[in-house]
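Peer 1: mind folding the following:
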Amino acid sequence: MDMRSNNHQQQQQQVLDGSDIVELVENEKVFDKFVEQKFQQLDQDEDGKLSVKELQPAVADIGAALGLPAQGTSPDSDHIYSEVLNEFTHGSQEKVSKTEFKEVLSDILLGMAAGLKRDPIVILRMDGEDLSEFIHSPGYEAEIVSVYFSALSGCEEASLRDCIVKALQSLSVDHGMPPSNDPWVMSNIVEPIVDSFIDEEDKRERSVSQERFLEAFKRVVERIAQRLNEQPVIVAHSENTFDGSGIRRLLSNKFEFDKALNVALEIIPKDRHGKVSKEYLRAVLDTVAPSATLPPIGAVSQMDDMIKEALKMVNGDDGKVVKEEEFKKTVAEILGSIMLQLEGSPISVSSNSVVHEPLTSATFLPPPPAESEEPSN
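Peer 2: Here you go, the predicted model:
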């Protein structure tokens, strides 16, 4: 990418780092007005308190801002929605006052801001210009030839259509291409364009030659760039590096570590002697993960492998029942082991997802500083 392309990318992106949320919450006069407005929107019966039913739109908006799927679509995300609701109701209240609503809302928003400060989200507007520049750059053909020989090593038996679809996955946001493995991008951009450029006979063509592939692939990518120019796509891009520093900070602060462990252990079953089975080590690690700046278990395969090895070292899968203090000590040992591995070999991950709604809901959370265009379904 040349200087002009880099300048264009900078103009087409917006960084969400939580600063706008912090500014809102810390300005007491503005935040009071914000809370008053949102409370009145939610208080449908105008009784001065919010019922569980009236809180549901707020809970849904917080979930959307956290990037969760809609309620009812996933047991894991539904559990988080329930936890958010419990924050407001303290698990038992039927009605929530405006003061309680403000306190919990402040805590949730500041927590979200802290997460964005640690791991900012870059909002990219993909309008086809960067992709078009890549297609006409001097290095384009050499890079796509490399894709043909590496990423498409199994294409001897695949159709031309399948080869092109697979090759598109090698293009990233750095090329100006939205993530083609995103279901929306695949069904609304990739598949329709590939199918429109390749006739039925060519779709079934096998043993695709390099020349034939390059010619068809370029035509498809040019059309994708044109499609993005007509209807830009908004992509949320984030990069995280797990280097063990978050674990070190947590372990060095005994008060915070004990607090995180106690919260995690509250929901773990114990026998009549107060002992805990080591089979719950993974569950506790998953609950403590945010405090240690670690991803949830299952989110990063390399991290899962590290956790698996650390559990082996302490016989974490033997199912033994131990005293709570021994259980806590084992969790500390596991985190210490993971920390040392990450300090020696940090894990970096990036993610790209197409944004179909504003990341901050217009009905509940603070609006983003600038409006962005959304892909139309």
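Peer 1: just the helices in the stretch 201-350 of the chain please.
Peer 2: Read by DSSP state H, counting those that start in this stretch, the stretch 201-350 of the chain holds these helices, from start to end of the chain: 210-230, 245-252, 254-265, 281-288, 301-313, 324-344.
Peer 1: please work out which of those helices is packed deepest.
Peer 2: Most buried of the helices of the stretch 201-350 of the chain by mean neighbour count (mean count of other Cβ atoms under 10 Å) is helix 281-288; its value is a mean of 20. In this view, the C-beta of every residue, glycine as well, is placed from N, C-alpha and C.
Peer 1: SS state for residue 138?
Peer 2: The assignment at residue 138 comes out as coil when based on DSSP: H, G, I helix; E, B strand; the rest coil.
Peer 1: what ranges do the strands span in the chain?
Peer 2: In the chain, the segments counted as strands under DSSP state E are 13-16, 49-51, 95-97, 121-126, 233-242, 276-277, 321-322, 347-354.
Peer 1: what strands flank the second one, and is each parallel or antiparallel?
Peer 2: Translated: strand 49-51. strand 95-97 (antiparallel) (DSSP bridges).
Peer 1: can you give me the buried ones in the partner strand?
Peer 2: Going by neighbour count (16 or more other Cβ atoms under 10 Å), the buried part of strand 95-97 is residue 96.
Peer 1: mean confidence for it?
Peer 2: The predicted model gives strand 95-97 an average pLDDT of 89.
Peer 1: got a markdown table for the strands of the chain, with distance to residue 61 too?
Peer 2: Supplementary listing: the strands of the chain in a markdown table, determined by distance: least, Cβ to Cβ, whole Å:
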| stretch | distance to residue 61 |
| --- | --- |
| strand 13-16 | 16 |
| strand 49-51 | 14 |
| strand 95-97 | 16 |
| strand 121-126 | 17 |
| strand 233-242 | 17 |
| strand 276-277 | 36 |
| strand 321-322 | 42 |
| strand 347-354 | 18 |
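Peer 1: give me the nearest residue to residue 244, chain neighbours excluded.
Peer 2: Counting by Cβ to Cβ, 6 or more residues apart in numbering, residue 244 lies nearest to residue 342, which is 3.5 Å off, once chain neighbours are set aside.
Peer 1: right, and the one you found touches residue 306 too?
Peer 2: Yes: with contact defined as Cβ atoms under 8 Å, residue 342 counts as touching residue 306 (7.4 Å).
Peer 1: still on that earlier bit, comparing the strands of the chain by mean pLDDT, which bottoms out?
Peer 2: Mean pLDDT is lowest for strand 13-16 among the strands of the chain, at a mean of 64.
Peer 1: OK, contacts around residue 276?
Peer 2: Going by Cβ atoms under 8 Å, 6 or more residues apart in numbering, residue 276 touches 265, 268-270, 321-324, 327.
Peer 1: low pLDDT regions in the stretch 151-300 of the chain?
Peer 2: Judged by pLDDT under 70, the stretch 151-300 of the chain has its weakly predicted residues at 151-157, 199-207.
Peer 1: from residue 87, how far out is residue 111?
Peer 2: Distance, residue 111 to residue 87, using Cβ to Cβ, to the nearest Å: 10 Å.
Peer 1: between the two, which one's more packed in?
Peer 2: residue 87 (18 against 15; other Cβ atoms under 10 Å).
Peer 1: I'd say that one and residue 106 touch.
Peer 2: No: in this structure, residue 87 sits apart from residue 106 without contact. The criterion is Cβ under 8 Å, and the distance is 11.3 Å.
Peer 1: neighbours of the nearest residue to residue 181 once chain neighbours are set aside, just the number please.
Peer 2: Taking Cβ to Cβ, 6+ apart, and ignoring the residues beside it in sequence, residue 181 has residue 169 as its nearest neighbour in space, at 5.7 Å. By the criterion of other Cβ under 10 Å, residue 169 has 15 neighbours.
Peer 1: same question, residue 101
Peer 2: 20.
Peer 1: OK, contacts around it?
Peer 2: 35, 39, 50, 88.
Peer 1: now swap in residue 33 and tell me
Peer 2: By Cβ under 8 Å, 6+ apart, the contact list for residue 33 is empty.
Peer 1: how near is it to residue 21?
Peer 2: Counting by Cβ to Cβ, the gap between residue 33 and residue 21 amounts to 15 Å.
Peer 1: swap in residue 105?
Peer 2: Residue 105 sits 11 Å away from residue 21 when distances are taken as Cβ to Cβ.
Peer 1: likewise residue 266?
Peer 2: From residue 266 to residue 21 the distance is 28 Å (Cβ to Cβ).
Peer 1: the two - which one has more neighbours?
Peer 2: Between residue 266 and residue 21, counted using other Cβ under 10 Å, residue 21 has the larger neighbour count: 23 against 8.
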